[in-house]
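**Student:** Build me a model from this:
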Amino acid sequence: MPISRRYFIKSSSALVASSLFQVGYLNAATALPNTDDLAQDNEIKQRSDHTLVFASPYHTSDASFVPHLHIEFKRNIQALSQGKIYVDIQGQGAMGIGTDLMAAVSRGRVDAALISVANLSRALPLLDILNIPFWAGDNQALLNLISSPYWQQNVIEKIAKQGKLAILYHYITGGRTLSTTKRTNTVIKVPTDLKNKVLRIPASKVLKHFYSMTDAHIVEVNWANVAAMARVGKFHVLDPGIVGLYAGPNNLRDEIATITQLNSVPDTWVNVVSQKWLNTLPRTLRLAVNDAAEKTFLSQLSNISHIESSCEQEFIKRGCTVFKPDQPTIALWQDQFGHHRHEWRDIKESLLGSSNEFSKLLDATKVPSKHNLG
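**Tutor:** Sure thing, here's the model as predicted:
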């Protein structure tokens, strides 16, 4: 939904009222808010009519390496609602991580959450279509897709009609990798390198199908437990994007030895909100939430390339090997596992109704978005 000029004009007083808090809190990338900032935030909370509890696996201070948009989302909601909605950020996994966070938002323990498509796929299976490999793993292809009317009408609106959860916006966080732990320390270059390797998968039926097509042994491990399981050698390979590897819980970054930037599927997240909470709001505030979500979504586009690069450089400084396959090597992976293969037909039909619907989504990845990546 386009940003409403009406809300920008009407929200000016709210922006002024909260400016002291926002200036202090926006410095959270390097420091925690001071006592005056917290007092100002509490004053905003007391004046509000509604509270949105927003849960995230990530710490607000990690904004330099994680495009979680905590502060942008909070600022935009509070300003565009003219201070009538207060956003209570519950970060650093306080309300759960991975499938536990999915359960928290599905059961109404939190009102909105940042959660990966893979971990949300059991609650919203339609989103799992993104995890078919080699069609939307590139950031620009994903941006084209999620900006398209076809995606909005045939995915986002269908999810909303279920009456449980709604997608406020997508995060663009880069494509999935094939990375090895320090106990393994072997670069995955070609599909045969996965033979006899144990590969950790998230809670996605489509990703499970993908990796079952390889010679790897697959094991599902909750995101909250990945670092601990890596330390004791329960798996050899994992597939999060480079941002997820760096920002993963319990210092997952310390367990990574090699990263192969395969970009097979987007390691994307979404901001999902409970429709039960939305329905407590008058129509004007629901529109304000939509406008704030659109504004927050756009704010990430100029920064994601910088964040991905920062994470990559940090891994290199730690002695991690970052392997970027050339096009012939990527073509080898695509040929064996890509979306065109007959093994994906049943999944396309079960999620979308027909393979033809998938073809239309594929076409949408090739139509340039009206938005640009920085």
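**Student:** Just give the closest residue to Ile129, not the sequence neighbours.
**Tutor:** Spatial nearest neighbour of Ile129, chain neighbours left out: Leu351 (5.0 Å); criterion: Cβ to Cβ, 6 or more residues apart in numbering. Placement of C-beta: from N, CA and C, glycine included.
**Student:** How about the contacts made by the one you found?
**Tutor:** By Cβ atoms under 8 Å, 6 or more residues apart in numbering, the contact list for Leu351 reads 125-126, 128-129, 206.
**Student:** In helices, which of these fall?
**Tutor:** Under the assignment DSSP state H, the contacts of Leu351 contribute Val206 to helices.
**Student:** would you list the contacts of Leu351 in CSV and tack on pLDDT, neighbour count and distance to Ile156?
**Tutor:** Below are those laid out as CSV (pLDDT from 0 to 100; neighbours: other Cβ atoms under 10 Å; distance: Cβ to Cβ, whole Å):
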residue, pLDDT, neighbour count, distance to Ile156
Pro125, 96, 15, 14
Leu126, 97, 15, 9
Asp128, 98, 23, 14
Ile129, 98, 23, 12
Val206, 98, 23, 18
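**Student:** among the contacts of Leu351, which two are most distant?
**Tutor:** The distance between the two most remote of the contacts of Leu351 (Cβ to Cβ) is 10.9 Å, for Leu126 and Val206.
**Student:** sorry, back to before: now tabulate the contacts of Leu351 in JSON lines and tack on distance to Gly137.
**Tutor:** Putting the contacts of Leu351 into JSON lines (distance: Cβ to Cβ, whole Å) gives the following:
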{"residue": "Pro125", "distance to Gly137": "20"}
{"residue": "Leu126", "distance to Gly137": "18"}
{"residue": "Asp128", "distance to Gly137": "14"}
{"residue": "Ile129", "distance to Gly137": "13"}
{"residue": "Val206", "distance to Gly137": "13"}
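**Student:** Can you show me the strands along the protein?
**Tutor:** 50-55, 85-90, 112-116, 165-171, 178-181, 198-201, 217-220, 237-238, 256-260, 269-274, 321-323 (DSSP state E).
**Student:** and the shortest one, what's its mean pLDDT?
**Tutor:** The pLDDT scores in strand 237-238 average 98.
**Student:** Ala224 versus the most centrally placed residue in the chain, what's the distance?
**Tutor:** In the chain, the centroid-proximal residue (Cα atoms, centre = their mean) is Trp269; its distance is 1.5 Å. From Trp269 over to Ala224 the distance is 16 Å, taken as Cβ to Cβ, to the nearest Å.
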